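K.L.:
Kindly return the folded structure for what I paste below:
(2 chains)
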Amino acid sequence: MGEQVTPRLYRGLRDYLPEQMGARLKIIDTIRRVYENYGFVPLGTPAIEYLDVLVGTGGQEANRSIFGVRNPEDEKLGLRFDLTVPLARVISQYPELPRPFRRYQVSPVWRADKPDRGRYREFTQFDIDSVGVETEMADAEIMAAMADTLTALNVGPFRVRFSSRMVLDMLLRFAEVPAVLRVKKVVGGGRVEKETVEEERPGADVFRVLDKLDKIGMDRVRDELTTGYKDESGDQVPGLGLDLSQVKRIEQFLAIQSPRRGEVLEQLERTFAGVEGAKDQIGVLRRISDTLGSLGYGDDRIAVDLSIARGLAYYTGPVFEAVLLDAPQFGSVFGGGRYDDLVLRFLGERVPATGASIGVDRLLAALVELNRVTLRHATAQVLVAVMDDTVRDECVQMAFELRRAGIPTELYLGSKGIGRQIKYADQQRVPLVVVYGGDEKARGVVVLKEMEQGRRLAAETTSRKEWLRTRPGQLEVPRADLVPATRQLLAGV
RNA sequence: GCCAGCGUAGCUCAAUUGGUAGAGCGCUAGAUUGUGGAUCUAGAGGUUACGGGAUCGUGCCCCGUCGCUGGUACCA
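P.N.:
As a prediction, this is how the structure comes out:
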């Protein structure tokens, strides 16, 4: 025999054992129902794409943490890192597709990042996007679908928040932040000698810092915008070198907060009164807010939050994200926005598009933590136990009667005794067990065992004799009534 | 990527100043005359992450690799 191989999983990847997989599929079904209710149509694309399709000809795969793929022809291939780039390719490749093209797609994506709590190298995204629509009604519709999805998923209280990339661009103008910042940065440490170098950073780097506001607080944000600071571990965090008047204006902007959407927008309009183009952009947000309001999406579920700074490189208009209020540590479970440059790379033209993406795995992790999903190993509602060979044929018959009646049923195919069989059902949380042996056969009945009820009653007795005598949670029905009696019991479970 | 800590049975952990590994839970089988729980009995399961070094001798010390955890950076 050859050398044995250690069974193991590449870091950042997971198996989905039946319990988790069942819960995932349920989540996916629920989301899909909502998306189809909005009339989005399904799309599928391959996991593997040409590298230049993924990253453009610039070849920045290093900082995009793409997994490469080796093939026999030695071509430059990679695994998709999101579902939006494949969508852009499809839009460009099939001009015959109807516009607007409103599609949903649920697929795994891969990123070669450092795995972290709730962050994996393979994870599944479920996206909706509307391509070819200019109107902000499309953005409002995406947010409504986000809210409806989270409601359908029974995640508990949540908040969808939105802002706009344009608003943040205006902030740079308002605070007079230049397009290019010169940043002093310490490199090295450890075995390499430390030295200070100067680096050019885009003005939009300000947003990267603002995004940390929740996490590190205003004092630290102020430090990082100006001179930098040393954190607990002694690491020097470089500052962006802004001056105090610039920071003051940014703080003035960040102070615009209210649980009421209308109020935030009013304040913003006042603050940005002198900024060119501000009125138009704020008008877009106001129309979105009004539309949502008239549809019954109140301030409790959807809010305007100017601190959202997600994914700026790529968005060109409204941006949205959703957080679970009972599980804020999971961050944004659902996010998106408008990105009108989607197809530029392929077609050289602008095609307006807006959409959102929900992280199925992060969501499941949050729901497990919140105790809002039941992890059940079994799909069967009924286990037909087999007492011995003399009743085997009839047990097989019964199992198929139940299946043909549409009741998910497992027929016990192992070789253990009746006690083990019931334990097997117990461990997998199969709610009902059919027991049928010589006694039942002689009397023309079957025994239906309600496992959950038995579990409760078992706690009340310590004597096995008593436990066996009462046989908690069992009832006998005529053999002929198997299917209707089972159906009735399951309705009560 | 960087910093720190950790890595002993499926899980949670124990093992006195270095003297060649143990418990609970779980699992398996059985008993309680055809029933989950409780109880009782028995059993399986570990090259102490991996590789090297120092030592008469190491789970324990040193070096390296890998993995995990926390922090930090990154996150289209």
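K.L.:
ok, now which ones touch the residue in chain A that RNA strand B sits nearest to?
P.N.:
Closest approach between chain A and RNA strand B, counting by C-beta to the nearest atom of the strand: A:Gly454, at 1.6 Å. (C-beta placed from N, C-alpha, C; glycine too.) By C-beta atoms under 8 Å, 6 or more residues apart in numbering, the contact set of A:Gly454 is A:472-474.
K.L.:
Would you mind giving the secondary structure of it?
P.N.:
Reduced to three states with DSSP: H, G, I helix; E, B strand; the rest coil, the structure at A:Gly454 is helix.
K.L.:
Touching the host helix or strand of A:Arg469 from outside, list them.
P.N.:
For A:Arg469, the element it lies in under DSSP states H and E is helix A:464-470. Applying C-beta under 8 Å, 6+ apart, the contact partners of helix A:464-470 are A:457-458, A:461.
K.L.:
Among those residues, which ones lie close to RNA strand B?
P.N.:
A:458, A:461 (C-beta under 7 Å from any atom of the strand).
K.L.:
Identify those among the contacts of helix A:464-470 that sit within helices.
P.N.:
Judged by DSSP state H, those include A:457-458 as members of helices.
K.L.:
check contacts around the residue lying closest to A:Ala179 once chain neighbours are set aside.
P.N.:
Nearest-residue entry for A:Ala179: A:Gly203, 5.1 Å, with adjacent residues in sequence omitted and distances by C-beta to C-beta, 6 or more residues apart in numbering. Residues in contact with A:Gly203 (C-beta under 8 Å, 6+ apart) are A:172, A:177-181.
K.L.:
In contact with A:Lys76: list those residues for me.
P.N.:
Shown in contact with A:Lys76 (C-beta under 8 Å, 6+ apart): A:50-52, A:68.
K.L.:
pretty sure A:Asp426 contacts A:Arg455?
P.N.:
Yes. A:Asp426 is within contact range of A:Arg455, at 7.5 Å (criterion: C-beta atoms under 8 Å).
K.L.:
more neighbours, those two?
P.N.:
More crowded of A:Asp426 and A:Arg455, by other C-beta atoms under 10 Å: A:Asp426, with 17 against 13.
K.L.:
can you tell me the helix or strand for the more buried one?
P.N.:
In this structure, A:Asp426 is located in helix A:418-428 according to DSSP H and E.
K.L.:
Can you tell me which of the contacts of A:Gly454 lies closest to A:Pro157?
P.N.:
For these, the minimum distance to A:Pro157 (C-beta to C-beta) is 36.1 Å, reached by A:Gly473.
K.L.:
do the helix holding A:Arg469 and RNA strand B meet?
P.N.:
Yes. Applying C-beta under 7 Å from any atom of the strand, one finds helix A:464-470 touching RNA strand B at A:464-465, A:467-468.
K.L.:
Go through the residues you listed and give me the one with the most neighbours.
P.N.:
Neighbour tally across the residues of helix A:464-470 next to RNA strand B (other C-beta under 10 Å): the maximum, 15 neighbours, falls on A:Trp467.
K.L.:
what about A:Glu266, which SS state?
P.N.:
Secondary structure for A:Glu266, judged by three-state DSSP, is helix.
K.L.:
Repeat that for A:Pro108.
P.N.:
Per three-state DSSP, the secondary structure class of A:Pro108 is strand.
K.L.:
before we move on, which element is the residue nearest to it when sequence neighbours are not counted in?
P.N.:
Of all residues not flanking A:Pro108 in the chain, A:Thr124 sits nearest, at 4.9 Å (C-beta to C-beta, 6+ apart). Assigned by DSSP H and E, A:Thr124 belongs to strand A:122-131.
K.L.:
That strand packs against which elements?
P.N.:
For strand A:122-131, the elements it packs on are helix A:18-37, helix A:84-93, strand A:101-110, helix A:137-152, strand A:353-359, helix A:360-369, judged by 3 or more C-beta pairs under 8 Å, 6 or more residues apart in numbering; DSSP states H and E.
K.L.:
Return the distance of the fourth one from the chain's centre.
P.N.:
The reference is to helix A:137-152. Distance of helix A:137-152 from the chain centroid (C-alpha atoms, centre = their mean, to the nearest Å) equals 14 Å.
K.L.:
helices or strands up against it?
P.N.:
Judged by 3+ C-beta pairs under 8 Å, 6+ apart, helix A:137-152 is in contact with helix A:18-37, strand A:122-131, strand A:158-164, helix A:278-294, strand A:318-324, strand A:332-338, strand A:353-359.
K.L.:
related to what we said a few turns ago, just the buried ones out of the contacts of A:Gly454, please.
P.N.:
The neighbour-count criterion (16 or more other C-beta atoms under 10 Å) marks A:472-473 among these as buried.
K.L.:
Where is pLDDT lowest across the contacts of A:Gly454?
P.N.:
Sorting the contacts of A:Gly454 by pLDDT puts A:Pro472 at the bottom of the list (75).
K.L.:
What does the pLDDT read for the closest residue in space to that one that isn't next to it in sequence?
P.N.:
Nearest residue to A:Pro472, sequence neighbours excluded (C-beta to C-beta, 6+ apart): A:Leu457, at 3.4 Å. For A:Leu457, the pLDDT comes out at 81.
K.L.:
Kindly report the same for A:Leu363.
P.N.:
Listed pLDDT for A:Leu363 reads 87.
K.L.:
Relative to A:Glu321, how far out is it?
P.N.:
From A:Leu363 across to A:Glu321, the span is 13 Å (C-beta to C-beta, to the nearest Å).
K.L.:
Need the overlap of contacts for these two.
P.N.:
A:Phe334.
K.L.:
which of these two has more neighbours?
P.N.:
Taking neighbours as other C-beta under 10 Å, A:Leu363 and A:Glu321 compare with A:Leu363 leading, 27 against 22.
K.L.:
Please name the bridge partners of the most centrally placed residue in chain A.
P.N.:
Centrality entry for chain A: nearest residue to the mean C-alpha point is A:Gly359, 2.0 Å, by C-alpha atoms, centre = their mean. When bridges are called by DSSP bridges, A:Gly359 pairs up with A:Gln125.
K.L.:
A:Tyr339 versus that one, what's the distance?
P.N.:
A:Gly359 is 18 Å from A:Tyr339, by C-beta to C-beta.
K.L.:
Contacts only, for A:Gln281.
P.N.:
By C-beta under 8 Å, 6+ apart, the residues touching A:Gln281 are A:164, A:166-167, A:170.
K.L.:
List the contacts of stretch A:26-35.
P.N.:
Applying C-beta under 8 Å, 6+ apart, the contact partners of stretch A:26-35 are A:104, A:106, A:124, A:126, A:128, A:145, A:148-149, A:152-153, A:358, A:360, A:363-364, A:367, A:373.
K.L.:
repeat that with 6 Å
P.N.:
Outside stretch A:26-35, the residues that touch it by C-beta atoms under 6 Å, 6 or more residues apart in numbering are A:104, A:106, A:126, A:128, A:148-149, A:152-153, A:360.
K.L.:
Can you say which of those are buried?
P.N.:
Here, 16+ other C-beta under 10 Å leaves A:104, A:106, A:126, A:128, A:148-149, A:153, A:360 buried among the contacts of stretch A:26-35.
K.L.:
and which of those is nearest A:Val90?
P.N.:
Nearest to A:Val90 among the buried ones among the contacts of stretch A:26-35, counting by C-beta to C-beta, is A:Tyr104 at 13.0 Å.
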